[in-house]
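Visitor: pasting the structure only:
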Ligand SMILES: C[S@@+](CC[C@H](N)C(=O)[O-])C[C@H]1O[C@@H](n2cnc3c(N)ncnc32)[C@H](O)[C@@H]1O
């Protein structure tokens, strides 16, 4: 996005967000937060494996993932859904083993039912990242990488600290979190604000189906990982212009992409 276009996008975003002042009653906010796992499980009952596209861009965006001759790595994908990250990564990177967890049992069962699920290279299990210890399924300090692809946005911000600490414990010293999620002022946030009855808290919204979506500024993201002991190696906005063919519209997407390292010492 060029500077002029970005400036006008940010201005429009700030106006829309500033005008979105209607409050969702506390009862409903608590209910969405309490029933997050149930709402995602129902999402997978409705959509099965048909909603998200396979993510074939991860080797390009995260060079740590890309296979190098003779190298083996162990990764955990948190909030794996039905495996749209996991299976392309396993196919493209022969030296990779992936643990995959999600708090939707239905999603985890779909991962296990995938024709490419091979227990010698993958272990899928149910886990709520915000309350269940990952060390119940993964040895402490054993992972090279953790991928967090559009999962933290589904978590209420007061639970980020527990989730980040949980990840910290299973990473090796020197291991890294590969993060990609919705960025502040992404078009999806503007759509929520325009609807004006979806905002639960600052930058946190609820979809029609009860699942939540948070939007990250780089400062917010960095401070949350650094507060739990991580070092920031990369932290940037990714701008993508996508076309909605049905509505014949060009849409400005903004993602936050980062790499956080568990210090060596
Ligand atoms: C947008 S999907 C992304 C799926 C996958 N990472 C991908 O790239 O296709 C978000 C996933 O996070 C899961 N999730 C949300 N909160 C979670 C939590 N507290 N613990 C574990 N999984 C969670 C949801 O069930 C859902 O499958």
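Guide: Arrived safely. In this text the structure is predicted, and so the values were computed from the model without any measurement. Numbering: from 1, shown residues only.
Visitor: make it CA atoms for all contacts and neighbour counts henceforth
Guide: Noted.
Visitor: now the strands for this structure?
Guide: 73-78, 96-102, 122-126, 143-149, 171-182, 199-201, 204-206, 212-214, 231-244, 249-261 (DSSP state E).
Visitor: mind giving me JSON lines with the ones you listed and columns for distance to the ligand, mean neighbour count and mean pLDDT?
Guide: Formatted as JSON lines, the strands of the chain follow (distance: least, Cα to the nearest ligand atom, whole Å; neighbours: other Cα atoms under 10 Å; pLDDT from 0 to 100):
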{"stretch": "strand 73-78", "distance to the ligand": "6", "mean neighbour count": "22", "mean pLDDT": "97"}
{"stretch": "strand 96-102", "distance to the ligand": "4", "mean neighbour count": "24", "mean pLDDT": "97"}
{"stretch": "strand 122-126", "distance to the ligand": "8", "mean neighbour count": "20", "mean pLDDT": "98"}
{"stretch": "strand 143-149", "distance to the ligand": "4", "mean neighbour count": "24", "mean pLDDT": "97"}
{"stretch": "strand 171-182", "distance to the ligand": "9", "mean neighbour count": "23", "mean pLDDT": "97"}
{"stretch": "strand 199-201", "distance to the ligand": "16", "mean neighbour count": "20", "mean pLDDT": "96"}
{"stretch": "strand 204-206", "distance to the ligand": "13", "mean neighbour count": "22", "mean pLDDT": "97"}
{"stretch": "strand 212-214", "distance to the ligand": "9", "mean neighbour count": "24", "mean pLDDT": "98"}
{"stretch": "strand 231-244", "distance to the ligand": "16", "mean neighbour count": "14", "mean pLDDT": "92"}
{"stretch": "strand 249-261", "distance to the ligand": "13", "mean neighbour count": "19", "mean pLDDT": "92"}
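Visitor: Any chance of JSON lines for those, columns distance to residue 9?
Guide: Output for those, formatted as JSON lines (distance: least, Cα to Cα, whole Å):
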{"stretch": "strand 73-78", "distance to residue 9": "32"}
{"stretch": "strand 96-102", "distance to residue 9": "34"}
{"stretch": "strand 122-126", "distance to residue 9": "39"}
{"stretch": "strand 143-149", "distance to residue 9": "25"}
{"stretch": "strand 171-182", "distance to residue 9": "16"}
{"stretch": "strand 199-201", "distance to residue 9": "20"}
{"stretch": "strand 204-206", "distance to residue 9": "20"}
{"stretch": "strand 212-214", "distance to residue 9": "19"}
{"stretch": "strand 231-244", "distance to residue 9": "12"}
{"stretch": "strand 249-261", "distance to residue 9": "8"}
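Visitor: check contacts around the closest residue to residue 85 other than its chain neighbours.
Guide: Closest residue to residue 85 apart from its sequence neighbours, by Cα to Cα, 6 or more residues apart in numbering: residue 55 at 5.2 Å. By Cα atoms under 8 Å, 6 or more residues apart in numbering, residue 55 lies in contact with 84-85, 88.
Visitor: all helices of this structure, in order?
Guide: For the chain, helices defined by DSSP state H occupy the ranges 3-19, 26-34, 36-47, 58-61, 86-92, 105-113, 160-170, 187-195, 218-227.
Visitor: Buried ones in the first one, by neighbour count?
Guide: The one in question is helix 3-19. Going by neighbour count (16 or more other Cα atoms under 10 Å), the buried part of helix 3-19 is 9, 13, 16-17.
Visitor: Could you do the shortest one as well?
Guide: If you call a residue buried by 16+ other Cα under 10 Å, then helix 58-61 has these buried ones: 58-59.
Visitor: wait, does that helix contact the ligand?
Guide: No - judged by Cα under 6 Å from any ligand atom, helix 58-61 and the ligand are separated, with a smallest distance of 9.7 Å.
Visitor: i'd like the first residue to be 386 from this point on
Guide: Right, with 386 as the first residue, what we last looked at is helix 443-446.
Visitor: Can you give the contact residues for that helix?
Guide: By Cα under 8 Å, 6+ apart, helix 443-446 touches 450-451, 470, 474.
Visitor: now, which of those residues sits nearest residue 602?
Guide: residue 470 (23.4 Å; Cα to Cα).
Visitor: Now for that closest one: which residues touch it?
Guide: 439-441, 443, 462, 534 are the contacts of residue 470 under Cα under 8 Å, 6+ apart.
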